[in-house]
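> Got a predicted structure plus its sequence, pasted below:
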Amino acid sequence: MSVHKEDLEKFISKLQVSAESVCPKDNYRDLSIFGELPLKDIDDELFYLIDKFEPFGHQNRKPKFISRSVLIESAKLLSDGKHIKYLLKDENGFQIEAVEFRVKKHFKANSRIDILYTVSEKIFNDKRDLQLIIEESEESELAS
């Protein structure tokens with residue numbers, strides 16, 4: 001995915017309008033939600049595009065995305081159950097790790113969830129991967 005500099009404002013505006021229609025909470029409006037994103041579209045190109053908008057803070061929030069009905073391949077509790085690490089999979093077989101801090105509800109493997117998240121970079125033992133930082137999760141209404 002690439003966006004020309006002159007089209008960026010229009011792109012952001014359209015994403016924000018789209019986000020308002022797909023937000024997981026009916027009365028919740030968060031302008032940093034860019035929209036719904038299939039997991040398969042999360043790649044280095046997207047990460048580096050987001051990274052160009054740094055520094056992030058109160059006046060410049062990191063963009064958030066929504067993905068629906070993602071399958072939990074595995075779930076591992078961290079820090080005495082306060083946090084959880086997931087391996088998520090979409091309908092195309094694409095997998096990505098995700099972490100949710102201060103977990104309100106634990107979901108188990110083979111569950112389908114809707115998630116609100118940011119895309120992050122994880123470097124561990126000199127290995128670089130993308131991962132999702134989940135801000136909200138709920139059981140998917142699309143679960144089959």
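Noted; the coordinates are in hand.

> just checking, what's the longest strand in the protein?
If you go by DSSP state E, the chain has its longest strand at strand 64-78.

> buried ones in that one?
K64, F65, I66, S67, R68, S69, V70, L71, I72, A75 (16 or more other CB atoms under 10 Å). C-beta here means a position set from N, CA and C on the backbone, and glycine is covered the same way.

> May I have the strands that pair with that strand, each with its orientation?
strand 33-36 (parallel), strand 83-89 (antiparallel), strand 112-124 (antiparallel) (DSSP bridges).

> Nearest to the spatial middle of this structure, which residue is it?
With distances taken as CA atoms, centre = their mean, Y117 lies nearest the centre of the chain, 3.0 Å away.

> Spatially, what comes nearest to that residue if we skip its sequence neighbours?
Using CB to CB, 6 or more residues apart in numbering and skipping residues adjacent in sequence, the residue nearest Y117 is L132, 4.3 Å away.

> Contacts only, for the residue nearest to the centre of the chain.
K64, F65, S67, A98, L132, I133, I134, E135 (CB atoms under 8 Å, 6 or more residues apart in numbering).
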